[in-house]
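J.: Provided below for reference: sequence and predicted model.
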Amino acid sequence: MKKNLLQPNALLTLLLGIFLMLITARSFARQSTPISGQVKDASSGEPLPGVSVFLKGGTTQSKTDDKGNFVISAERGQTLIFRYVGYDEVQQAIVNSTMQVVMASNLQQLEEVAVVGYNVVKRENLTGAVASIGSKQIEQLPVQNPLQAMQGRIAGVDVTANARPGEMGSIRVRGNRSLLATNNPLYVVDGIPLSAGGIDAINPHDIETIDVLKDASATAVYGSRAANGVIMITTKRGKQGTAQINYNVINTFERINDLNTMFNAGEYAEYRRNAFRSVSTTNATTGYTTPYPNPVQDKRILGVDPYAWESIAKGYTWVDKDNLIAQMRPTTAEEKAKWGVDEVPMYDASQVPTTDWTDYVTQTGFTTDHTLGVSMGSDKMTANFTGGYLNQKGTNKGQDYKRYSGRVGLELRPTNWFTLGASINGTWSVQNYGYTGSGSRAANAIYGAAQGMLPYAVPYDNQGNYIYLPGGDINIVNPILEHEYVINERTALRALGSFYAELKLFDGLKYRMNYGPDFRNFRNGQFQDARSILRGGGASTSTNYARLNKTQNIAWTWDNLLYYNKTFAEKHNLDITLLHSMTSNRSESSDMTAIDLPYNSQLWYNLSSTARGELQGWGSGYSKNTLMSYMARVNYTFADKYILTASNRWDGASVLAPGNKWQSFPAAALAWRMEQESFIENSSWVNQLKLRVGVGTTGNSAIDPYTTMGGLIEMPIVFGNQVEMGYIPSDPKAANPGTMANRDLKWERTTQWNAAVDFGLFKNRLNGSLDFYMSKTSDLLMNRPIPTVNGFTTMYYNVGKTKNRGVELTLSSMNIDRPNFKWLTDFNIATNKDEIVELLDGESDLPASSFFIGQPLFVYYDYEKIGIWQTADAAEMAKFNENGATYKAGDIRVADLNGDYIIDNNNDRKVLGSRFPRWTAGITNTLNYKNWELSFFFYARWGFLIEGGAVDMQGRYASRKVDYWTPENPTNAYPRADYGNGGQPIHYSSMNYQNGSFIKLRNVSLGYNFAPNVLKTLHMSNLKLYAQMINPYIYARNGFIDPDINSSISSRSFVLGLNVTF
């Protein structure tokens, strides 16, 4: 019997059959076929190996081989996505079974975005003042730390250098705001604010970008720690594509460049004679009675050390050296008229040998810096591994620095809604700090100590024995062996982590958790041999000395973030960020010293073995502070033209007392992308034109833990015939009596306004930004004197105000852009002026602290040197001497500001100038011809004073060669030499301020990049060789001090480097 097709079972079977036939037909009609092709570089035409090829909307993927070829299963009409590091992504529809794909290099990919607080933003959508440098700029210079990489590269960021191996310079972002709290910026590495230390542990070769948040609208999301700007460091990440191995080696040869010219032995001998002539020209016992050299008095003032006297004696032609009888010569007519004698001893100052003391303590510095990195990744995972080794041997013997660094970065994306990542950076460093003297005249390094030796003295006697007091002066001690006798070893272990998980909850909403541990363990071991000049030079009373200091910091930050992003009605984009953050920072320290240890070889490792039976000193410390924060930020964009950013952060700090712990820090900014407007978008020469304006409030939380609670100090208490140590809040009679607690202390608050324009002109061949800013800081922390009847001498208050304003200009221009020749210029300049508005009572200055209303925050306050008193000034000089002065011709003359013919501290000192520059600038010119690259980098700081350069003019110690006053040389530069001035001529300090303005040629680099066809043969993707000169030239207004390091002892370096990528 036939089945009825209308029956339910029969109908179901028929429909199922039809469905299966349709599916089968569809499958045959759209069956995947192999699609092959080749990917090439758009400019060179060379094949690109390792390009990732993805099927859009699918899971199929492939990669190009070493010839740029690929094969992937796909269907015609579908779209393939091509991704490669350093190139723009390409999406291309499949038309035929073979494809030709061209990818354009985009070396500025990373520069198109900026890292801001808790987010990454396209530069075109920035509303705040954010400046950046990338890894390419960082690696143009052989830098040992990130601060060096920023110097002269970012407008408004003022960086000074430090020449000692392993030491960091200083940094200011848009000048100074605080008088007593810190003016240092906040450092954030991979999204984690650092609490346990600075960025000295970061290997510069691990850095992808450095973004500097400068205005309050950008920094306010970091609240109480962001008043001085924020330095955002993003380390390198793994990238999708073929695994790459990169090796970079830099070898640097360094020599000291001493800007000082010292008196040679013959010049110094005459300088000392003149010093004794100032004492007396008639008393042969205390002065120097002849206006020309004579051996008898030379022996008295220059011959205490017999070996040093031998040098002076070589200047004379002798008849009887033992009896100090020199051969005589007749005087010239001029000499006879001046000296009144017919003959003088035969003396030739050029025959007096000069000892090159610095040659005994210097060496050719050599630095080798190796970095090996591996990067790999797929659409599910990316990884980056880096190892670094830096070994820096300083130019001063006894100074060196080694750093071992390692970094691991991983990111996993198992699904499209979950991401898990981590980066761990570890650094172990060993610094031999080297010799540092003690005392008011001590040098801070062995080179300076050697430079202070008398030029006619010698370090060893005729038998080769070490001379402890060369020249015979008890205060001039031979330092040339101090690099063997003094050890100052500093080790640091630093570990930074950034762990994160990101969960997409639904379309537009995601949650992210960041956890950042920060660990630092620092150990300083010091040892001074009993033979060291710091311990008495091996005298019978000399003992060795050892010290062990340890500090451990453990900090962590935990952030919980919610991000919401939604575009609606096509023109409206809303981006919301919510944050809850917690930070903890704990510090522990211990310190022990001992003397008279039995063995030098034990250094600081067995301090209890001292022959004294107990340690010389010991102590320990502990502190902990925490911070809790909430933050909300809204970004709204309309039609890609108008952008609004608004945020508020609430910080609560444990260091403040209840009632003042919490504070809010709001900010808002607007941007207008004018190039999107109809009246500009068709312009042939305007590519970008954006106006920005912002305002925000930030804080400064630099209050030490427990300041608002009050501390205790140790005090001996007598019970009968026993003395026990007790603790009291304060002792006004003590050297450090303690500070009275103030539970009303609160944050310093800075409000900053910023207005700017960003521009790109002539097809972006000229682009840059111009920023104007002004800030006001209130509730300044001041340590105010209080009546001792309270039991304390000082107390911290929130009083005073400062203001700060400036202009910043950044320009980048492609001057010439031809196939075989390119010329690129990067230029920045910034000016800054800070000022004190109010102090303790709102009106009164604080001269003792050099704080003055209406003046810059940090100034030099002293007498103003206007010249040297001359013989012709006798009548004017007499008016001062009638009021108690004792001026003589040749003394320093300072300004009498109130005209009362009395020079006194209260009425005649003035503000001489600022310690910080009025403007800074940097310019880099890069020339590319075929495969060659030549670059020049100039850096300048202008309009400030530096402290240094005063000369004691006593004639007792070695001296810089100066133009000093004598009756025959009535100069206004430096005063007369006077052995009786006690080591400081009258108004000595007025000589100590020099013009700090300078322009330095920081770097000249010549490099060669090997051509793609050569790289292909060598199986490499990059190979560059380069040579550089560091600090080859400086123009300094003062002429003898390098203001960049505030020292006459600079250096010049030659660099050879290689960078290769497989």
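T.: Cool, the structure landed.
J.: what average pLDDT does the helix or strand containing T242 get?
T.: If you go by DSSP states H and E, T242 is part of strand 241-258. The pLDDT scores in strand 241-258 average 89.
J.: flag every buried residue along it.
T.: For strand 241-258, a neighbour-count test (16 or more other CB atoms under 10 Å) marks G241, T242, Q244, N246, N248, I250, T252, E254, I256, N257, D258 as buried. Glycine gets a C-beta too; all of them are placed from N, C-alpha and C.
J.: check which helices and strands it sits against.
T.: For strand 241-258, the elements it packs on are strand 365-377, strand 1022-1036, strand 1049-1061, judged by 3 or more CB pairs under 8 Å, 6 or more residues apart in numbering; DSSP states H and E.
J.: between the buried residues of strand 241-258, which is nearest E208?
T.: E208 has its nearest neighbour among the buried residues of strand 241-258 in N246, at 12.9 Å by CB to CB.
J.: shouldn't S350 be within a strand?
T.: No: assigned with DSSP: H, G, I helix; E, B strand; the rest coil, S350 falls outside any strand and is helix.
J.: leaving out sequence neighbours, find the closest residue to it.
T.: G266 (5.9 Å; CB to CB, 6 or more residues apart in numbering).
J.: kindly report the same for E502.
T.: Counting by CB to CB, 6+ apart, T419 is the residue found nearest to E502 once chain neighbours are left out, at 4.2 Å.
J.: which sections of this structure are below the confidence cut-off?
T.: Applying pLDDT under 70 to the chain flags the ranges 1-32, 43-44, 85-86, 105-111, 439-441, 701-702, 732-736.
J.: how does it divide up, domain by domain?
T.: Annotated domains of the chain cover 34-103, 260-357 [automatic domain parsing].
J.: quick one: those as CSV, columns for mean neighbour count too.
T.: Output for these, formatted as CSV (neighbours: other CB atoms under 10 Å):
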stretch, mean neighbour count
domain 34-103, 16
domain 260-357, 17
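J.: can you say which helix or strand has the residue nearest to E502 in it?
T.: Assignment of secondary structure by DSSP H and E places T419 within strand 418-432.
J.: give the next helix or strand downstream of that strand.
T.: Sequence-wise, the next helix or strand downstream of strand 418-432 (DSSP H and E) is helix 446-451.
J.: what helices or strands is that next one leaning on?
T.: Contacts defined by 3+ CB pairs under 8 Å, 6+ apart place helix 446-451 against helix 482-485.
J.: could you point out which element follows the helix it packs on?
T.: Scanning onward from helix 482-485 (DSSP H and E), the first element met is strand 486-506.
J.: what angle do the helix or strand just after that next one and strand 418-432 make?
T.: The helix or strand immediately downstream of strand 486-506 is strand 509-528, counting by DSSP H and E. Orientation check (axes from the mean of the first three to the mean of the last three CA atoms, to 10 degrees): strand 509-528 against strand 418-432 gives 10 degrees.
J.: skip ahead from strand 509-528 and say which helix or strand is next.
T.: Sequence-wise, the next helix or strand downstream of strand 509-528 (DSSP H and E) is strand 545-568.
J.: buried ones in that following strand?
T.: In strand 545-568, counting by 16+ other CB under 10 Å, buried: 545-559, 561, 563.
J.: in its sheet, what does it sit against?
T.: Sheet pairing of strand 545-568 (DSSP bridges) gives strand 509-528 (antiparallel), strand 572-595 (antiparallel).
J.: need those in a markdown table (columns: distance to P819 and mean neighbour count).
T.: Below are these laid out as a markdown table (distance: least, CB to CB, whole Å; neighbours: other CB atoms under 10 Å):
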| stretch | distance to P819 | mean neighbour count |
| --- | --- | --- |
| strand 509-528 | 45 | 18 |
| strand 572-595 | 40 | 17 |
